[in-house]
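A.B. asks: Kindly return the folded structure for what I paste below:
(2 chains, ligands or ions: 1)
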Amino acid sequence: MSDEEKRIGVFICHCGSNIAGFIDVPAVTEYVKTLPDVVFATRNLYTCADDGLTSIKESIKEHKLNRVVVAACTPRTHAPLFQGTCQEAGLNKYLFTFVNIRDQCSWVHMKEKEKATEKAKDLLRMGVARARLLQAQDEVKVGVTSAAVVIGGGVAGMSAALSIADQGFPVRLVEKESELGGFVRNLSSVYQEREDAGALLKTIIDRVRSNPNIEVLLNSEVISADGFVGNYDIIIDTKGQERNDKVGVIVLATGTREYIPKGLYGYGQSPNIVTLTEFEKLVKERKLPKLSSVAFIQCVGSRGQDKSYCSRICCNVSLKNAMNLAENYKNMRGLEGTGAVVEAAAPKETPSEGGERRHGRRGRRGGAEESEEGGASEGPKLEIVIFNRDIMAYGVDHELMYNKAREKKVRLVRYTPKNIPKVSVDSGKLVIDYWHDTLQMQRRMTPDLIVLATPVTSQADAKEISMMLKVPLGQDGFFLEAHVKLRPVDFATDGIYVCGTCKGPADIPEAVSQGIAAASRASIPLARGFVQPEALSAFVDSEVCSGCGNCIEVCPFTAIRKNEHGKAEVTIAACKGCGNCGATCPENAIFMNNYSDEQLLAEAKAALQEAKG
Amino acid sequence: MSDFEPKIVVFLCNWCSYAGADLAGVSRYQYPTNIRAVRVMCSTRISAHIVLELFKEGADGVMVSGCHIGDCHYINGNLFTKRRVKLADDLLKLTGVEPERLRLEWVSAAEGEKYSQVITSFVKKVKELGPSPVLKDPKLVTRLGAAVMAAKYFRSKTLTCKEVKLTAKGNVYEEVIGPKEYDLMIERAIEDEYQKSLILTLSSQEARSVIELAKEIGQPTDRILEYVVALRAKNMLALDRIEGTTPRYRATIGGA
Ligand SMILES: Cc1cc2nc3c(=O)[nH]c(=O)nc-3n(C[C@H](O)[C@H](O)[C@H](O)COP(=O)(O)OP(=O)(O)OC[C@H]3O[C@@H](n4cnc5c(N)ncnc54)[C@H](O)[C@@H]3O)c2cc1C
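C.D. replies: Next comes the predicted model:
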């Protein structure tokens, strides 16, 4: 391949005016023609449109091109399209390279056409230098074990398991607890329509239980996983016994736990200061004390107070519970006697509440923000206040619920992070002193129950699982998908997929959709029966390898092992081509396919030459 | 100096920094045109010798950018990146090229604005430093050649890849090494490797005496003699001839 004559074709995209408006594309095209081994260069209005793609295919034939360079938007979205086009014209897709002159050139230098044009020339010279050293690669085909394991039996995991099983593949559903259902087991009802959470779960669990393709393993955990897409050897610890299994794909759906607000808002100082989850449990178990005043506090321990993220669902969950109390309290109340804790509490007072009402501003979404008229439609008045930084009732239905809550006289009181409500417990009684931002005055309320909306947070064993499966966690401890927008349920590692709240806060509809999405992704290798990993892997030159083992140590995917001659050997299907071993090898015995030292240096050094033309 | 337009090579990892750079474009954050980006799968791919090689070719600046620590798509590749850039940095200091010409940055896929800021500030810094002095100074080229060579050595490469293990899990004797100690240990080792490489590079150009080498390198003669003895023992340096009473040595392996 190396002594074959190189015939490079270059296609430069105007991207309408996105590129051509800020870069002199004709000048760049003329310049490119002067570069070594470039036998053809042209420009297209849109290279990614039909006529652009056709021009690539025809030019490959007409000019006998054996390397193709496209200068356009970004390889992250468009490389697969052009690689496919090359392949259709009989050119190995590894003989294609992409030059980004839009996202990283024309769009970021919109006022410097001349310099941007010079930069585009340099970038093309770099791309051509790289193209000259590209080598055709064969993608190896590897067989697949047509079975899946789903880790976690919450709504996300169950939905994934059902969907894979319905496509005809056997699934092991591994659940740590003694029951399926996950976090939803804590809930009594779920929004919007106060649907019975238990009934909802039962529907899914029954479908799982009756599906012949699903084997449910309770009190079980996956304790080891080795291999790569299509071929995983796993060990499941089930009720204390180890069982070896083979699967082709792994779906991770381990969910979340609630954040415990230690030291925040008097948590722990009174049984009547509870988290949102504890509140849900009280409702579910019908242990709710008798109430006449309830305060919810939002964003407890999230959005910078401890965790940096917004847990996203808590606004809606608090609204749900507030609405529930406002409309349905008499049916939720604890059975007589169980609510004794609060019964002794003194009568409520909310000093100068009248004033607040008079001065009450109409909220931005209208409605009775400060109204204090009767909460529950029947029986004694139930006061409900939600202290919030801002209510994020995202989506159509939740916004409606928000409006309805205000109609039901749920009071929404805003606080700022600099001035958070102060909770104290005064001989058993709860007191909240808070700054009323709208009224610009200090106020006090004495609720019977304070509910702290804490974020969901990653599982205690997330780190262990991340190491076992060799999949990354993000900064907040949730599992990190390959790409938020383009590959939301894939891990960067092929063959492992992620869904539900273990990858970040989500509600049931979202967790279920993700479960089904992950199942559909996971079924692709199972249905195809083979996998063809991208040929980016590392290669060890066994003549040069000294067997020092440095590469084995740094490989994050255990894709390198010592063979029977004491030399390093790469398992191609397990290698992701990160290059850690290549950069580590003291003998320079490791060659990175498509990202070799030689290619990188040629590309980078070309940047340092001057454009003559 | 105002019309000096530096050429800066930036290595971007595919998953975070390249995506962050794309996002800067999508959001139209403007930044200076002086950077030329090279995409790699992971920033860990960039060995110190690649960086140094570019400085040897006259790059005014080099930046390596990857995912934030903890966010690497290859689990912990960027921990090694940090080490490798440190190695390049240590060697750069030894050559006398301003280490500010090399920068390591963490830019996530969501940090388009940060990317533009990082680039803007780096370009400004390099403009302040002025054009790279390397191509005008053969001595610097020689030294960078030695640095490239030193970066490729077994000891440098091995030490850069063992940090995670040695500082967290301990060596074979289960002695855990503190990060500060480790840095110091590496710095010493690197300096050794660099001096040896420089001796080899200089004595591959012509046969050299110890005194000459000491003068050229700016180190005491006894120290250079120690290195010469060590290199001879490894057959990397051989006696070329004796001039009067002064032995002259020549490298047996090609210098850079
Ligand atoms: C207070 C509160 C109220 C909510 N109310 C609503 C609502 O009204 N409506 C709504 O749509 N959503 C609501 N949600 C959100 C809802 O609970 C989640 O969307 C849902 O539980 C996510 O399901 P999941 O399957 O992703 O995770 P989970 O439900 O957390 O399930 C994960 C499962 O994995 C298991 N597991 C964990 N680790 C392992 C392991 N290592 N091996 C094996 N198994 C493991 C767990 O035991 C669990 O069964 C609420 C959440 C909270 C916190």
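A.B. asks: contact partners of stretch A:275-285?
C.D. replies: Here stretch A:275-285 makes contact (C-beta atoms under 8 Å, 6 or more residues apart in numbering or on different chains) with A:186-189, A:197, A:258-261, A:267, A:274, A:287-289, A:296, A:300, A:314, A:317-318, A:321, A:324, A:332, A:334, A:449, A:451-454. All C-beta atoms are positioned from the backbone trio N, CA, C, and that covers glycine.
A.B. asks: Show me the helices in the stretch 1-150 of chain A, by range?
C.D. replies: Per DSSP state H, counting those that start in this stretch, the stretch 1-150 of chain A carries helices over the ranges A:25-33, A:50-62, A:75-88, A:113-132.
A.B. asks: possible to save those as a markdown table with mean neighbour count, distance to the ligand and mean pLDDT?
C.D. replies: A markdown table is the format used below for the helices of the stretch 1-150 of chain A (neighbours: other C-beta atoms under 10 Å in any protein chain shown; distance: least, C-beta to the nearest ligand atom, whole Å; pLDDT from 0 to 100):
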| stretch | mean neighbour count | distance to the ligand | mean pLDDT |
| --- | --- | --- | --- |
| helix A:25-33 | 19 | 48 | 98 |
| helix A:50-62 | 16 | 41 | 97 |
| helix A:75-88 | 17 | 28 | 95 |
| helix A:113-132 | 23 | 43 | 98 |
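A.B. asks: would you list those in JSON lines and tack on distance to residue A:574?
C.D. replies: Below are the helices of the stretch 1-150 of chain A laid out as JSON lines (distance: least, C-beta to C-beta, whole Å):
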{"stretch": "helix A:25-33", "distance to residue A:574": "39"}
{"stretch": "helix A:50-62", "distance to residue A:574": "33"}
{"stretch": "helix A:75-88", "distance to residue A:574": "22"}
{"stretch": "helix A:113-132", "distance to residue A:574": "26"}
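A.B. asks: Now distance to chain B too, for these, in TSV please.
C.D. replies: Shown next, in TSV, are those (distance: least, C-beta to the nearest C-beta, whole Å):
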stretch	distance to chain B
helix A:25-33	14
helix A:50-62	20
helix A:75-88	6
helix A:113-132	4
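A.B. asks: from the middle of its chain, how far away would stretch A:224-241 be?
C.D. replies: 24 Å (C-alpha atoms, centre = their mean, to the nearest Å).
A.B. asks: First-to-last residue distance for that stretch?
C.D. replies: Stretch A:224-241 has an end-to-end distance of 13 Å (criterion: C-alpha to C-alpha, to the nearest Å).
A.B. asks: near the ligand at all, that stretch?
C.D. replies: No: judged by C-beta under 6 Å from any ligand atom, stretch A:224-241 and the ligand are separated, with a smallest distance of 9.4 Å.
A.B. asks: Check what contacts that stretch and list those residues.
C.D. replies: Against stretch A:224-241 from outside (C-beta under 8 Å, 6+ apart): A:142-145, A:149, A:172, A:174, A:217-223, A:242-250, A:468-469, A:493-496, A:525, A:530-531, A:533, A:557-559, A:571, A:573-574.
A.B. asks: Now, of the contacts of stretch A:275-285, which are buried?
C.D. replies: By neighbour count, with 16 or more other C-beta atoms under 10 Å in any protein chain shown, the contacts of stretch A:275-285 hold A:186-189, A:197, A:258-261, A:267, A:274, A:288-289, A:296, A:300, A:314, A:317-318, A:321, A:324, A:332, A:334, A:449, A:451-454 as buried.
A.B. asks: hmm, back to that, which of the contacts of stretch A:275-285 come close to the ligand?
C.D. replies: Answer for those near the ligand (C-beta under 6 Å from any ligand atom): A:187, A:258, A:317.
A.B. asks: The closest residue to chain B within the stretch 101-250 of chain A: what's its closest spatial neighbour, skipping adjacent residues?
C.D. replies: Of the stretch 101-250 of chain A, the residue with the smallest distance to chain B, taken as C-beta to the nearest C-beta, is residue A:103 at 3.3 Å. In space, and not counting its chain neighbours, residue A:103 is closest to residue B:25: 3.3 Å by C-beta to C-beta, 6 or more residues apart in numbering or on different chains.
A.B. asks: One more: residue A:397?
C.D. replies: residue A:192 (5.1 Å).
A.B. asks: burial of the one you found, as a residue count?
C.D. replies: By other C-beta atoms under 10 Å in any protein chain shown, 13 other residues sit near residue A:192.
A.B. asks: before we move on, what about residue B:181?
C.D. replies: When neighbours are counted by other C-beta under 10 Å, residue B:181 registers 12.
A.B. asks: ok so, going back, among the contacts of stretch A:275-285, which ones are in strands?
C.D. replies: Those of those mapping onto strands are A:189, A:258, A:274, A:296, A:449, A:451-452, per DSSP state E.
A.B. asks: got the domain boundaries for the chain?
C.D. replies: Since no chain was named, I'll use chain A. Following automatic domain parsing, chain A resolves into domains at A:8-137, A:143-256+A:458-531, A:279-448, A:534-593.
A.B. asks: Actually, chain B is the one I wanted.
C.D. replies: B:8-133, B:153-251.
A.B. asks: what's the spacing between the residue nearest to residue A:493 when sequence neighbours are not counted and the ligand?
C.D. replies: The shortest distance from residue A:493 to any non-neighbouring residue, by C-beta to C-beta, 6+ apart, is to residue A:471 (5.8 Å). Using C-beta to the nearest ligand atom, to the nearest Å, we find residue A:471 at a distance of 13 Å from the ligand.
A.B. asks: swap in residue A:395?
C.D. replies: Counting by C-beta to the nearest ligand atom, the gap from residue A:395 to the ligand is 11 Å.
A.B. asks: What is the burial count for residue A:381?
C.D. replies: 13.
A.B. asks: three-state assignment of it?
C.D. replies: coil (DSSP: H, G, I helix; E, B strand; the rest coil).
A.B. asks: now the one 5 residues further on
C.D. replies: Remark: residue A:386 carries the secondary structure label strand [criterion: three-state DSSP].
A.B. asks: which residues does the residue nearest to residue A:397 contact?
C.D. replies: So residue A:192 contacts A:397-398, A:401 (C-beta under 8 Å, 6+ apart).
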